[in-house]
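Visitor: Coordinates for the following, if possible.
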Amino acid sequence: MKKKSKILLVYLLTLCGIIIWLGVIFLAPYLKSQSLGIQAFCYGIFSPICHQNPSRSFFLFGYPLGVCARCLGIYFGFLGGTGLYPFLNKFSDLTLPKTRIFILMSLPIVIDAAGNFFRIWMTSNWPRFATGFIWGTILPFYFIIGLTDYFVRENRTEDFTPENIS
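Guide: So this is what the prediction gives:
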């Protein structure tokens, strides 16, 4: 399989994965509103990666979504970045974005989280969502490139030979 085909495959799998991920986030409150027992599974998927604090979450069907507003923003940003990927990176380039772009995209979420952590301010859900969205848009450019690079590299096992480790 050619490099371009592998990038496209990783891209399509990533796009499908983030759509399913977002679907489960919105499915959790629906299932809870219908008193279906599987909602615990849906919320449980996200509990190791999100605090799921109801006061920091958006509600649907009278129940909080599966993740907080900031995490939701990150995932929607990831979806947006995945949508932008083919226009900005094509399907032939495995070059990571410049470090300064990552830092610039990370600053809003870092500043907001630090301000909340040190109790300088308390951000409502929409700004939390926005800072998460901004940061999430840059992540697919690392995820897709990193995963593709892993699959494109020839003879990956040679990287772990004793001569290369020492």
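Visitor: For S92, which non-adjacent residue is spatially closest?
Guide: Nearest residue to S92 in three dimensions, chain neighbours excluded: K4, at 5.3 Å (CB to CB, 6 or more residues apart in numbering). C-beta coordinates here come from the backbone N, C-alpha and C atoms, glycine included.
Visitor: shouldn't that neighbour be in contact with N89?
Guide: No. K4 is not in contact with N89 according to CB atoms under 8 Å; the separation is 11.6 Å.
Visitor: between the two, who's got more neighbours?
Guide: N89 (19 against 14; other CB atoms under 10 Å).
Visitor: Give me the pLDDT value at the residue nearest to S92.
Guide: In the predicted model, K4 carries a pLDDT score of 84.
Visitor: tell me which element it falls in.
Guide: helix 3-33 (DSSP states H and E).
Visitor: Just the buried residues of that helix, please?
Guide: 6-8, 10-11, 14-15, 18, 21-22, 24-25, 27-29, 31-32 (16 or more other CB atoms under 10 Å).
Visitor: Following the chain onward from that helix, which element is next?
Guide: Using DSSP H and E, the first helix or strand after helix 3-33 is helix 39-46.
Visitor: who are the neighbours in contact with G62?
Guide: G62 makes contact with 29, 33 under the criterion CB atoms under 8 Å, 6 or more residues apart in numbering.
Visitor: and it, how far is that from P29?
Guide: 7 Å (CB to CB, to the nearest Å).
Visitor: Can you give me the separation between S47 and C68?
Guide: According to CB to CB, S47 stands 11 Å off from C68.
Visitor: Give me the mean pLDDT for stretch 123-134.
Guide: Here the average pLDDT along stretch 123-134 is 97.
Visitor: thinking L147 is in contact with L9, fair?
Guide: No. Using CB under 8 Å, L147 is not in contact with L9; the gap is 9.9 Å.
Visitor: Quick one: the strands in the protein, in order.
Guide: 59-60, 63-64 (DSSP state E).
Visitor: what's the first one packed up against?
Guide: Okay, so that is strand 59-60. helix 3-33 (3 or more CB pairs under 8 Å, 6 or more residues apart in numbering; DSSP states H and E).
Visitor: starting at the chain centroid, how far to the helix it packs on?
Guide: In terms of CA atoms, centre = their mean, to the nearest Å, the centre of helix 3-33 is found 10 Å from the chain centre.
Visitor: now stretch 54-71
Guide: 17 Å.
Visitor: Noted, bye for now.
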